[in-house]
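Undergrad: below: sequence and its predicted model.
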Amino acid sequence: MTKMMLLTAAALFPMLASAQTVAQSRAPDPVRMKATVETLVSFGTRHTLSSATDPKRGIGAARRWGAAEFAKIAKGCGGCLTVETIADRFTGPRAPDGVEVVDVLAIQKGTGDPNQVVIVAGHIDSRVTDVMNVTSDAPGANDNASGSALVIEAARVLA
């Protein structure tokens, strides 16, 4: 009887070790979150009216990078996330020439009920004191790169 229990325990050990590795890989990673904040800061500004087309600077570059991060997470989980964008044109006092506001979404459907989803949201834009200044650096580590890092990390952990 003792031999059978030892064999069973020995057979289960690799599975337990594997489960622990999976749990650790799903834990929030402060180093990864800091790197995300630093990457978002590196876009110089993420002002809503900043460049949507520049490949390295502005809101467009930041949105594309965020979508790519979600796509990497989706690839790592076998397509458990779908990445989508929702855009709407806005004109008003803070966008007199109009601006396309784009939301980047990573959607994970429920495994038991695909009509159930988890929604975690944050804003990626940043600005300097003058809300109309779209050219000055507005790195926004705390407005709101840290919140965006949380959203990306939550997507990774939940995937």
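TA: Structure's in. What do you need? What you are looking at is a predicted structure, and each value in this text was computed from that prediction instead of being measured. Residues are numbered from 1 along each chain as shown.
Undergrad: test my guess that Lys56 contacts Thr45.
TA: No: using C-beta atoms under 8 Å as the test, Lys56 is too far from Thr45 to be in contact (11.5 Å). For the C-beta atoms, the positions are set from N, CA and C on the backbone; glycine is no exception.
Undergrad: is it true that Thr91 lies in a helix?
TA: No: secondary structure assignment (DSSP: H, G, I helix; E, B strand; the rest coil) places Thr91 in strand, not in a helix.
Undergrad: tell me who's in contact with it.
TA: By C-beta atoms under 8 Å, 6 or more residues apart in numbering, the residues touching Thr91 are Asp97, Gly98, Val99.
Undergrad: re earlier: of Lys56 and Thr45, which one has the most company?
TA: Thr45 (26 against 11; other C-beta atoms under 10 Å).
Undergrad: please tell me how far the more buried one sits from Val99.
TA: 14 Å (C-beta to C-beta, to the nearest Å).
Undergrad: one more: Asn115?
TA: For Asn115 relative to Val99 (C-beta to C-beta), the value is 33 Å.
Undergrad: looking at the two, which is more packed in?
TA: When Asn115 and Val99 are compared for neighbours, Val99 comes out ahead with 20 against 6, by other C-beta under 10 Å.
Undergrad: that one contacts Gly92, doesn't it?
TA: No: applying C-beta under 8 Å as the test, Val99 and Gly92 come out as separate, 9.2 Å apart.
Undergrad: residue ranges for the strands of this protein, please.
TA: 81-92, 95-108 (DSSP state E).
Undergrad: residues of the longest one that come out buried?
TA: Neighbour counts using 16 or more other C-beta atoms under 10 Å place Val99, Val102, Val104, Leu105, Ala106, Gln108 of strand 95-108 among the buried residues.
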